[in-house]
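S.K.: have a look at this prediction, sequence included:
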Amino acid sequence: MTSAPLTVPARPYEFTFDPATTALVVIDMQRDFMEPGGFGESLGNDVSQLRSTIEPLKAVFAAARAAGLTVIHTREGHLPDLSDLPPAKLNRGNASLKIGDLGPKGRILIRGEYGQDIIDELAPIEGEFVVDKPGKGAFYATSFGDILTEKGITSLVVTGVTTEVCVHTTVREANDRGYECLVLSDCVGSYFPEFQRVALEMIAAQGGIFGWVAPSAAFIEALAPLPAASAAQ
Ligand code: C5J
């Protein structure tokens, strides 16, 4: 089933999508990255840098759910026995707490732990997909690609954290597989303001080499256009 295509003013040019074949993808909005005491902080990051994404994401959730979009959340994390954790990832980063160590919110980045789960503000609701992934990209060693195929998805609206790591990896993986990706600039976050800016520029550069970039308000307005009277005010 298809519906009428919608357009979003975006960089480098308008993004056109059909809500019936578009998924909202929410990357790794987990306590381990967003809150003190988790993986992100153990690597020396200021986790407060990511909090600005929460309010715009809530509004995007409301619009996407009202429009009936497929919603897919991802969580980075590993099996409790660490059998899916390459030594290279375990040993990288000089972290104060390594993956699998016990932190204040449970074992760091381990599936099923409190800290590895999605923050309360953006909890998935019934009918939405939650994909656990051992890597940075959503496709590697997951059911993500199968879900997209089963649901007939061709376009992704990508949000989450962090912009230059898991968001970028996922967008690049998706782009190589033929998906059209729109990244919502205020719904993706980085611990590093300069990485945020450059990572977004890299997506839309060269005529949209990896995809499109737009603020969330433009996407929400495309999904639910304002009535003519109030739009004119
Ligand atoms: C990181 C992620 N930054 N979700 N993971 O290690 O971006």
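M.R.: Looks like it came in fine.

S.K.: give me the contact list for the longest helix seen in the chain.
M.R.: Scanning the chain for the helix with the most residues, using DSSP state H, yields helix 193-208. The contact list for helix 193-208 (C-beta atoms under 8 Å, 6 or more residues apart in numbering) reads 10-13, 49, 162-164, 167-168, 171, 181, 183, 185, 188-190, 209-213. All C-beta spots, glycine's among them, are computed from the backbone N, C-alpha and C.

S.K.: beta-bridge partners for the residue nearest to the spatial centre of the chain, please?
M.R.: Closest residue to the average C-alpha location of the chain: residue 27 at 2.6 Å, with C-alpha atoms, centre = their mean. Bridge pairing for residue 27 (DSSP bridges) gives the partners residue 74, residue 160.

S.K.: same check, this time on residue 156
M.R.: residue 23, residue 181.

S.K.: what's near enough to touch it?
M.R.: 22, 23, 25, 148, 171, 174, 179, 180, 181, 182.

S.K.: can you give me the strands for this structure?
M.R.: 6-8, 15-17, 22-27, 70-76, 102-103, 106-107, 129-133, 155-161, 180-189, 212-214 (DSSP state E).

S.K.: which stretch among those comes nearest residue 84?
M.R.: Nearest to residue 84, of all the strands of the chain, is strand 129-133, at 9.6 Å by C-beta to C-beta.

S.K.: quick one: is that closest one near the ligand?
M.R.: No: residues of strand 129-133 contacting the ligand under C-beta under 6 Å from any ligand atom: none, with a closest distance of 9.1 Å.

S.K.: so how far is the ligand from residue 113?
M.R.: 15 Å (C-beta to the nearest ligand atom, to the nearest Å).

S.K.: likewise residue 151?
M.R.: Distance from residue 151 to the ligand, by C-beta to the nearest ligand atom: 23 Å.

S.K.: wait, that residue sits on residue 23?
M.R.: Yes: under the criterion of C-beta atoms under 8 Å, residue 151 makes contact with residue 23 at 6.9 Å.

S.K.: got a list of what the residue nearest to the centre of the chain touches?
M.R.: By C-beta under 8 Å, 6+ apart, the residues touching residue 27 are 74, 138, 158, 159, 160, 161, 166, 167, 170, 188.

S.K.: can you pull out the low-pLDDT segments for the protein?
M.R.: Per-residue confidence for the chain (pLDDT under 70) gives these ranges: 1-2, 226-233.
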